[in-house]
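Colleague: heads up, no residue letters with this:
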Ligand code: S3P
């Protein structure tokens, strides 16, 4: 009887420079699009560190995003977000998942465009509604019907997300497929 070969998951790391990546990759896009999950897996594939800007803001403030919105309001949150992202962009190249409004803020967007390689993850509204419905941590979605809010935000924000360097769809399928599509988009992109 021939012995069965053991199955190993493919864990080989791709060198970012082989894809022309020499700077921090910044994932932007609406709430629920999968920036954190996809970002973490992408970073692992590229042997880079991963950081979530919302998580860094919560650590710095020692408060949750909801508490910051409640106590200080959105404007102060955006200022904190800008400071945190600025610090993250100045470090060693890594993968950053940003909060959905970060790239909408003009100053934050300018910093990301200057120092990072931005990727817009996009998905249809029903996927976003389904994914954001799993947790109750997003203050903007508590202000009314989540589907209506997400639709309005998608309409308002898409022209700005579209300023990202690349766009990749993040549909209802497995996140691993999205990661593969990002790697493909990076590989296929024209060097500017
Ligand atoms: C926001 C998105 C959230 C968080 C905050 C505001 C937005 O991040 O930063 O609740 O304005 O879209 P996620 O996109 O990670 O949910």
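Modeller: Structure received. These figures come from a predicted structure and were not determined experimentally.
Colleague: number of residues surrounding residue 130?
Modeller: Residues near residue 130, counting by other Cβ atoms under 10 Å, number 13. (Glycine included, C-beta is placed from N, CA and C.)
Colleague: can you pull the contacts of it?
Modeller: Taking Cβ atoms under 8 Å, 6 or more residues apart in numbering as the criterion, residue 130 is in contact with 32, 172.
Colleague: need the pLDDT of residue 136.
Modeller: The score at residue 136 is 89. That number is its pLDDT.
Colleague: ugh, typo on my part, it should be residue 192
Modeller: With respect to pLDDT, residue 192 has a value of 43.
Colleague: now swap in residue 129 and tell me
Modeller: pLDDT, residue 129: 97.
Colleague: can you tell me the element the residue nearest to it when sequence neighbours are not counted falls in?
Modeller: Leaving out its chain neighbours, the residue that sits closest to residue 129 by Cβ to Cβ, 6 or more residues apart in numbering is residue 147, at 4.9 Å. Taking DSSP states H and E as the definition, residue 147 sits inside helix 146-161.
Colleague: can you list the buried residues in that helix?
Modeller: For helix 146-161, the neighbour count (16 or more other Cβ atoms under 10 Å) marks 146, 149, 150, 153, 154, 157, 161 as buried.
Colleague: of the residues you listed, closest to the ligand?
Modeller: Distance ranking of these against the ligand, using Cβ to the nearest ligand atom, places residue 153 first at 6.5 Å.
Colleague: contacting residues for that closest one?
Modeller: Counted by Cβ under 8 Å, 6+ apart, residue 153 has contacts 30, 31, 100, 140.
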